[in-house]
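> What shape does this take:
(chains A and B)
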2 protein chains.
Amino acid sequence: MSILVVGSIALDTVETPYGSVSDSPGGSALYFSAAASFFAPVNVVGVVGKDFNFNEIDFLKQKQVDLSGLEIQNGETFRWGGRYYENLNERDTLFTYLNVFETFEPKIPEKYSGSRFVFLANINPELQLNVLESIPSPELTVLDTMNFWISGSRQALDEVIRRVDVMILNDEEVRELTGIHQINQAARELLKQGPKVLVIKKGENGAVLMSEKDFFFAPSYPVEKVVDPTGAGDSFAGGFLGYLAGCPQLNDSEFRRAVIYGSTVASFNVESFSFERLKSIGRKEIDERVEKFREMTQF
Amino acid sequence: MSILVVGSIALDTVETPYGSVSDSPGGSALYFSAAASFFAPVNVVGVVGKDFNFNEIDFLKQKQVDLSGLEIQNGETFRWGGRYYENLNERDTLFTYLNVFETFEPKIPEKYSGSRFVFLANINPELQLNVLESIPSPELTVLDTMNFWISGSRQALDEVIRRVDVMILNDEEVRELTGIHQINQAARELLKQGPKVLVIKKGENGAVLMSEKDFFFAPSYPVEKVVDPTGAGDSFAGGFLGYLAGCPQLNDSEFRRAVIYGSTVASFNVESFSFERLKSIGRKEIDERVEKFREMTQF
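Numbering: from 1, shown residues only, chains lettered A, B, ... in the order given. The predicted model follows:
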């Protein structure tokens, strides 16, 4: 079943210890789409400027991604520049030019309003609320956010949190949202506020899935050489929700496997800049790595 | 089969967000022993001062720990004081009085020289070498160390590393020992220098077991309330080596299970100050928690 994603489309200029790229396609909506499209059709809503070169993301069309919901506005595409440290866990943002993204107001095309799966990538929670209003009866809604909105738009964010099914976030965000330091206590508190499921990302240390009844801990795949971590979180979300959208029925076991699929797609994504690695693989390579995951965690 | 541990015995003064204790028994050798003794007999070599109150560790004797190898010297016992931050991942050391530990020179009693399993807790690598000399044919030797020795006693430490079977360490120590940032590359480099197995501890994020052929990722047990992390690493080592010492035969599967047992014992240890929690449980509680681990990681 098809997935709707609403988020940013960016041209990224990235420097890591292993190289650099400049004005390379990226942004949460595209990383999510590239990842999810291994499993299910994806409808993208976002905005780009006149300077955006669609040829560079042509591979997405061949992978069941519908880009016709992308607005093309006068002006330049959102640009982000960052430099990663040697350890690749930290980075400096060198510049952020919102450009056309600054006044972005997602309009959900009528043909997308039947989307059963929705990913609200990290944008202003007011806009995320508007998106939820446009989709009358989704099967599963998944929310991403960031500390900027937690501290700056709390009321709207709380309303979104009340209405979504799944939140994907990191330890610090769980703590900040609840004011509780012990992470498991904090997570249980957050589960009372709306979401039925939390996915707590721990970067190279894996991810935890928590619901009222389930607790699942998945490692990160031990990538030989992380080249560029940009998009890791969104490709995780794409693999996660993509996998679920492809399931005939959702249950605890499928949610666990969705975390593994999310981690797996993210592990491929970080092996190159932009979408190079994701372009080069198919479902077969993903399934093989999932099997390695299984071997890696059994005792 | 019996285990020999050589390390510190301390009186700890600890403050965490959940309380405090003062002059409470601790130190690497005791935390290791308390943990390992659920699985196998333990022989302890260390030093205490005249002020040490053996009644406080009487429970160890009832748990197959032989304390007759403890030297009692004129002077005071090693004292450490620390205060943990709200997040419990960081701490300030408030004081370190080495006292009788400053001139500690481990003497291995003749009756311990047949020990088949050896844990070299974090002490001067010169002393660790002496211990290895005293044990002619151990089945398995396990090394712990710290950044202080990595930067300050590199030559002796390298010699110990060449001679041990297993090293237990954290990410930063692997990187510092090899000068390689990508952790998996760094670990493989370290495996060339002597140890056949590395256990890389990641605190609340679990632990990784690596050997030439095996890669295993284990989560940390999601402890409801961490009261005091002191001794987590040594109780992990104790559960790990204790479990192995109790195995009829060592193989990859047993090493994987040993990591789970190590994490499990450590998860109990951090639920209280000093040895309170470890005193209150038995092998049954440990096995039950290992089963929960299994449920938590299957997909």
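> switch to C-alpha atoms for all contacts and neighbour counts from now on
OK.
> Next up, the contacts around residue A:189.
Residue A:189 is in contact with residue A:178, counting by Cα atoms under 8 Å, 6 or more residues apart in numbering or on different chains.
> What of residue A:296?
So residue A:296 contacts B:215-217 (Cα under 8 Å, 6+ apart).
> in chain A, which residue is closest to the centre?
In chain A, the residue lying closest to the centroid (Cα atoms, centre = their mean) is residue A:234, at 2.4 Å.
> That one contacts residue A:31, correct?
Yes: Residue A:234 lies in contact with residue A:31 (Cα atoms under 8 Å); the separation is 5.6 Å.
> re the thing from before, I'd like the contacts of residue A:296 written out as TSV, with distance to chain A and neighbour count added.
Output for the contacts of residue A:296, formatted as TSV (distance: Cα to the nearest Cα, whole Å; neighbours: other Cα atoms under 10 Å in any protein chain shown):
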residue	distance to chain A	neighbour count
B:215	6	19
B:216	5	25
B:217	6	30
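> So which of these are in strands?
B:215-217 (DSSP state E).
> I'd like those residues written out as CSV, with distance to residue A:129 and pLDDT added.
Shown next, in CSV, are the ones in strands among the contacts of residue A:296 (distance: Cα to Cα, whole Å; pLDDT from 0 to 100):
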residue, distance to residue A:129, pLDDT
B:215, 44, 93
B:216, 42, 95
B:217, 39, 91
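> Would you agree residue A:294 falls within a strand?
No: under DSSP: H, G, I helix; E, B strand; the rest coil, residue A:294 sits outside any strand and is assigned helix.
> roughly how far apart are it and residue B:218?
12 Å (Cα to Cα, to the nearest Å).
> where in the stretch 1-150 of chain A is pLDDT low?
Filtered on pLDDT under 70, the stretch 1-150 of chain A yields no residues whatsoever.
> Tell me where it has strands.
Along the stretch 1-150 of chain A, the segments classed as strands by DSSP state E, counting those that start in this stretch run A:3-6, A:10-16, A:19-26, A:42-49, A:65-66, A:70-73, A:78-84, A:91-97, A:117-120, A:140-144.
> quick one, which of these is packed in tightest?
strand A:3-6 (a mean of 28; mean count of other Cα atoms under 10 Å in any protein chain shown).
> Which residues of chain A lie near chain B?
A:86-87, A:181-182, A:184-185, A:202, A:205-206, A:215-219, A:222-226, A:253, A:256-257, A:294, A:296-299 (Cα under 8 Å from any Cα of the partner chain).
> These in helices, which ones?
Counting by DSSP state H, the part of the residues of chain A next to chain B found in helices is A:184-185, A:253, A:256-257, A:294, A:296-297.
> circling back to that earlier point, dump the contacts of residue A:296 to a markdown table, plus distance to residue A:54.
Formatted as a markdown table, the contacts of residue A:296 follow (distance: Cα to Cα, whole Å):
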| residue | distance to residue A:54 |
| --- | --- |
| B:215 | 41 |
| B:216 | 42 |
| B:217 | 41 |
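> just those residues now: which is nearest residue A:159?
Ranked by distance to residue A:159 (Cα to Cα), the contacts of residue A:296 are led by residue B:217 at 37.2 Å.
> which residues touch the closest residue to chain B within the stretch 1-150 of chain A?
Per Cα to the nearest Cα, residue A:87 is where the stretch 1-150 of chain A lies closest to chain B, at 6.1 Å. By Cα under 8 Å, 6+ apart, residue A:87 lies in contact with B:181-182.
> what are the phi and psi values for it?
The phi and psi values for residue A:87, taken as degrees, to the nearest 10, are phi -80, psi -10.
> rewinding a little: for the contacts of residue A:296, which one is nearest residue A:198?
residue B:217 (21.4 Å).
> which residues touch the closest one?
Listed by Cα under 8 Å, 6+ apart, the contact set of residue B:217 reads A:219, A:296-297, B:206-209.
> Distance-wise, check it relative to residue B:253.
In terms of Cα to Cα, residue B:217 sits 13 Å off from residue B:253.
> about what we covered before: per-residue pLDDT of the residue nearest to the centre of chain A, please?
What the model reports for residue A:234 is a pLDDT of 97.
> Now for it: which residues touch it?
Per Cα under 8 Å, 6+ apart, neighbours of residue A:234: A:28-29, A:31-32, A:121, A:266.
> Which two among these are spaced furthest apart?
A:121 and A:266 (15.7 Å).
> So between those two, which is more surrounded?
Just comparing residue A:121 and residue A:266: by other Cα atoms under 10 Å in any protein chain shown the higher neighbour count belongs to residue A:266, 31 against 24.
> you'd agree the more buried one is in a helix?
Yes: per three-state DSSP, residue A:266 lies within a helix segment.
> Test my guess that it contacts residue A:226.
No: here residue A:266 does not reach residue A:226: they are 10.7 Å apart, not a contact under Cα under 8 Å.
> Now do the same contact list for the nearest residue to residue A:124 once chain neighbours are set aside.
Leaving out its chain neighbours, the residue that sits closest to residue A:124 by Cα to Cα, 6 or more residues apart in numbering or on different chains is residue A:149, at 6.9 Å. Residue A:149 makes contact with A:124-125, A:157, according to Cα under 8 Å, 6+ apart.
> Those residues into JSON lines, with extra columns for distance to residue B:23 and neighbour count?
Formatted as JSON lines, the contacts of residue A:149 follow (distance: Cα to Cα, whole Å; neighbours: other Cα atoms under 10 Å in any protein chain shown):
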{"residue": "A:124", "distance to residue B:23": "52", "neighbour count": "20"}
{"residue": "A:125", "distance to residue B:23": "51", "neighbour count": "25"}
{"residue": "A:157", "distance to residue B:23": "48", "neighbour count": "21"}
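> can I get these in TSV with distance to residue A:274?
As requested, the contacts of residue A:149 are exported to TSV (distance: Cα to Cα, whole Å):
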residue	distance to residue A:274
A:124	24
A:125	26
A:157	29
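> just to revisit the earlier point, cross the contacts of residue B:217 against strands and list the overlap.
Reading strands off the contacts of residue B:217 with DSSP E, I get B:207-209.
> mind listing the helices for the stretch 101-250 of chain A?
A:125-134, A:147-152, A:154-163, A:171-178, A:183-191, A:232-245 (DSSP state H, counting those that start in this stretch).
> so the fourth one versus helix A:154-163, what angle?
Direction vectors for helix A:171-178 and helix A:154-163, defined by axes from the mean of the first three to the mean of the last three Cα atoms, to 10 degrees, enclose an angle of 100 degrees.
> helices or strands up against helix A:171-178?
With contacts taken as 3 or more Cα pairs under 8 Å, 6 or more residues apart in numbering or on different chains; DSSP states H and E, helix A:171-178 sits against helix A:147-152, helix A:183-191.
> what's the angle from that helix to helix A:183-191?
Counting by the same axes, to 10 degrees, helix A:171-178 lies at 50 degrees to helix A:183-191.
> and residue A:273, that one's in a helix?
No: counting by three-state DSSP, residue A:273 is not found in a helix; it is coil.
> got a list of what the residue lying closest to it once chain neighbours are set aside touches?
The spatial neighbour of residue A:273 that comes closest, neighbours along the chain excluded (Cα to Cα, 6+ apart), is residue A:228 at 5.5 Å. Contact partners of residue A:228, counting by Cα under 8 Å, 6+ apart, are A:16, A:18, A:88, A:270-273.
> neighbours around the nearest residue to residue A:175 once chain neighbours are set aside, how many?
Distances taken as Cα to Cα, 6+ apart put residue A:181 closest to residue A:175, at 5.6 Å, once the chain neighbours are dropped. Using other Cα under 10 Å, residue A:181 has 17 neighbouring residues.
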